[in-house]
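Q: Sequence and computational prediction follow.
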Amino acid sequence: MKRLFLLSIAMIFAVNSAQAQRYFTKNGTISFFSKSSAENIEAVNKKVSCVVDAATGKMEFGVLMKAFEFEKALMQEHFNENYVESDKFPKATFKGKISNISSIDFQKDGTYPAVISGQMTMHGVTKDINAKGTFTIKGGKVSGNSEFNLLLSEYDIQIPALVKENISNSIKITVDVALEAAP
């Protein structure tokens, strides 16, 4: 009887542990792309932190704005000083939830579509965001990606009239994360 009780407790603990699995990275990648008639601008940040709770679907991203790297140093300087004001607003965050988390089996290899919604804060402005993404589980490794567009004007990022032709108000965001199981 005592063994059965201990076995039941162990099984409940194992199931709860599997369901409460959290995944994270501190080296995710977010890139953005701006296409205009004058020039294309793109930058990449490979120091993105992300946490996903497989049980609840909650997810969070943290992005240091100064970690975006541009092809041209002058673009990077203008991005940080003139547009996103990285000294004043050093970090962008996303806090949200995967609404279809029950359809993603983090224990089984496969590719799973994800419907994500939450709030993104950038440049001191918080806005609701909805995006579609994909989680791929292969050999116990979890990766996720998503693409969506943002309007700079919604985040109070001003583009001076002098360079309005060079920078699009609509920016394509690409997210790629390789997640590890949290200890």
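A: Sure, I can see it.

Q: I'd like to know how far the closest residue to Glu81 other than its chain neighbours sits from His123.
A: Leaving aside its chain neighbours, Glu81 sits nearest to Asp87 (7.9 Å; criterion: Cβ to Cβ, 6 or more residues apart in numbering). To be clear about C-beta, it is placed using only N, CA and C from the backbone, and glycine gets the same treatment. Here Asp87 is placed at a distance of 12 Å from His123 (Cβ to Cβ, to the nearest Å).

Q: the more surrounded of the two?
A: His123 (18 against 10; other Cβ atoms under 10 Å).

Q: Tell me which helix or strand the most centrally placed residue in the chain sits in.
A: The chain has Phe61 as the residue nearest its centroid, 4.8 Å off, counting by Cα atoms, centre = their mean. Secondary structure assigned from DSSP states H and E places Phe61 in strand 58-64.

Q: Neighbours of Lys72, how many?
A: By other Cβ under 10 Å, neighbour count at Lys72 equals 11.

Q: Where does pLDDT dip in the chain?
A: 1-20 (pLDDT under 70).

Q: Return the list of helices and strands in contact with the strand holding Phe61.
A: strand 22-35, strand 40-53, strand 91-98 (3 or more Cβ pairs under 8 Å, 6 or more residues apart in numbering; DSSP states H and E).

Q: Nearest to Ile129, out of those?
A: Of all the helices and strands packed on strand 58-64, strand 91-98 sits nearest to Ile129, with 6.8 Å by Cβ to Cβ.
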